[in-house]
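Asks: Curious how this folds, go ahead:
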Amino acid sequence: MNGGPSGFQNAPVTRVTVLVSSIFTIVFGVRGRSHRLGLSYQDIVKGLQIWRIFASVFAFSSTPELMFGLYLLYYFRIFERHIGSNKYTVFILFSVVLSSLLEILALMLIKDLNLSILASGPYGLIFASFVPFYFDIPVTSRFRILGLNFSNKSFIYVAGLQLLLSSWRQSLLPGICGLLAGLLYRLNAFGIRKIKIPKAIASFFSRFFSSSSPSSSYMTSRRNITRNMSPYASHPAQRNYPATAPVPAPEPPESSIAMLVSMGFDSNSARQALMRARNDINMATNILLESQSR
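Replies: Residues are numbered from 1 along each chain as shown. Model prediction:
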């Protein structure tokens, strides 16, 4: 199961999140602070430092956690493509802030010496994303391995479970707080789903986030080539040629529609795009992405 077209096309906020998490993990890992980045009860009592807050949110404490975490962040870019970068930024801020507050509250209530420090990294964002993944991404295929039932979503759950239990209770608590933040976002707590980043701020950061992608340039050049090759636009004398009867587009299979829906596209739009692309999923995906960028 993939997250749509490869790369960070139409997902600039995810690209920045993955980049920042990687840089923070490498920088603090080189300095030997990776195992002391998470929040602890002692930090709350003494007062949290700004660098520790950012480090606990973005930097993973080990290489395995970094690998699974970045893979999940990269996959969940489908939600940015679905709701747009503006609303996805709100989702990130809500998930990170609320899950961090829940972690601080839990540490103050538990005061367990065995839970001296929590695992660091964007656990809040990752596990908050599992809520729309569970409710909104459909199962499009099922299979059996060694008598066990699996679906096209199983590997994502396995990767999340591995990350959740990577440091046992130190990582379990941040994961649970992330799930709670995701549930509150889905329930539209505080009207969060209606909030958007102001246009002035969004346009300012879009200068740094957005970049022209090779696929968009390819689509533009392909449209120009197709337009130039059209018999009705190449030469005036050719306009007198009789038009051939259009061949009716075949009805798209439900499996192809479900695959596009799993990428975050509307089912009706997916059906129309597949009919235009004559059931070519890659071409239909390009049509849908092109329509979103207009």
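Asks: From S100, how far off is A106?
Replies: Going from A106 to S100 by C-beta to C-beta, to the nearest Å gives 11 Å. In this view, the C-beta of every residue, glycine as well, is placed from N, C-alpha and C.
Asks: no no, I176
Replies: Distance, I176 to S100, by C-beta to C-beta: 13 Å.
Asks: if you count what's nearby, which of these two comes out ahead?
Replies: Neighbours per residue, other C-beta atoms under 10 Å: of I176 and S100, the larger number sits with S100, 21 against 17.
Asks: about what we covered before: which residues do A106 and S100 both contact?
Replies: Common neighbours of A106 and S100 (criterion: C-beta atoms under 8 Å, 6 or more residues apart in numbering): C177.
Asks: Show me the strands in the protein, by range?
Replies: Assigned by DSSP state E, the chain shows strands spanning 142-145, 148-151.
Asks: so what are the domain limits for this protein?
Replies: Domain assignment of the chain by automatic domain parsing yields the ranges 12-208, 248-294.
Asks: what's around G121, how many residues?
Replies: By other C-beta under 10 Å, the residues close to G121 number 32.
Asks: Ignoring the adjacent residues along the chain, who's closest to it?
Replies: Spatially, and ignoring its direct neighbours in sequence, G121 is nearest to F60 (4.0 Å; C-beta to C-beta, 6 or more residues apart in numbering).
Asks: and T140, how far is that from Q162?
Replies: Distance of T140 to Q162, given as C-beta to C-beta: 23 Å.
Asks: can you tell me which helix in this structure is longest?
Replies: Counting by DSSP state H, the longest helix found in the chain is helix 85-110.
Asks: What residues sit buried inside that one?
Replies: Within helix 85-110, the residues that qualify as buried are 85-92, 94-96, 98-100, 102-104, 106-107, counting by 16 or more other C-beta atoms under 10 Å.
Asks: Thank you, goodbye.
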